[in-house]
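Participant: Model the structure of this input:
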Amino acid sequence: MLMVGMLSAYNMVAQGKLELTIKNIKEVKGTIRVSLFNNENDFLKQAVVSKVVKVSAAEASVVFDNLRPGEYAVSVIHDVNGNQELDKGFMGIPQEPYGFSNDARGKFGPPSYEESKLNVTGIVKTSIKVE
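Facilitator: Residues are numbered from 1 along each chain as shown. Predicted coordinates:
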């Protein structure tokens with residue numbers, strides 16, 4: 001019984017927490033869609049976890065609790081019109097603001113997982129600028 005309690009206490013301490021501040025929100029409407037990815041193969045395809053928050057100011061906060069310690073890359077979309085997707089124009093160029101962890105930017109498409117990844121152990125606080 002004591003061993004089970006010790007393992008439970010260890011698991012609670014070993015969990016990661018990611019506190020994000022989304023900055024540079026130019027239009028105070030729509031939603032912010034945030035997705036976490038934990039490997040290169042799933043990056044921008046299959047999120048480990050996602051959250052959606054209503055935009056109410058020029059900055060938004062999103063917290064992910066109880067994360068397994070490890071690497072994560074974050075993508076953020078400011079879904080201005082609330083249609084639940086990133087609107088794209090000619091040649092697939094995004095028409096709504098977006099961003100990635102480390103404020104990574106790709107040259108001809110999204111940045112790589114490697115450029116975007118964060119190491120989450122304990123509590124990690126970071127910001128992402130949407131453009």
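
Participant: Show me where the protein has its helices.
Facilitator: 2-14, 113-116 (DSSP state H).

Participant: Out of those, which gets the lowest mean score?
Facilitator: Here the lowest mean pLDDT among these goes to helix 2-14, at a mean of 50.

Participant: Output the below-cut-off pLDDT ranges for the protein.
Facilitator: Along the chain, the parts satisfying pLDDT under 70 run over 1-14.

Participant: ok, longest strand in the chain?
Facilitator: The single longest strand within the chain, with elements called by DSSP state E, is strand 70-79.

Participant: Buried residues in that strand, which are they?
Facilitator: By neighbour count on 16 or more other CB atoms under 10 Å, the buried set for strand 70-79 is Y72, A73, V74, S75, V76, I77, H78, D79. Backbone N, C-alpha and C define where each C-beta goes, glycine included.

Participant: ditto for stretch 79-87
Facilitator: D79, V80, L86.

Participant: Name the nearest of those relative to K45.
Facilitator: Closest approach between the buried residues of stretch 79-87 and K45, by CB to CB: L86, at 13.7 Å.

Participant: Give the bridge partners for the nearest residue to that closest one once chain neighbours are set aside, please.
Facilitator: Distances taken as CB to CB, 6 or more residues apart in numbering put I77 closest to L86, at 4.8 Å, once the chain neighbours are dropped. Judged by DSSP bridges, the bridge partners of I77 are R33, Y98.
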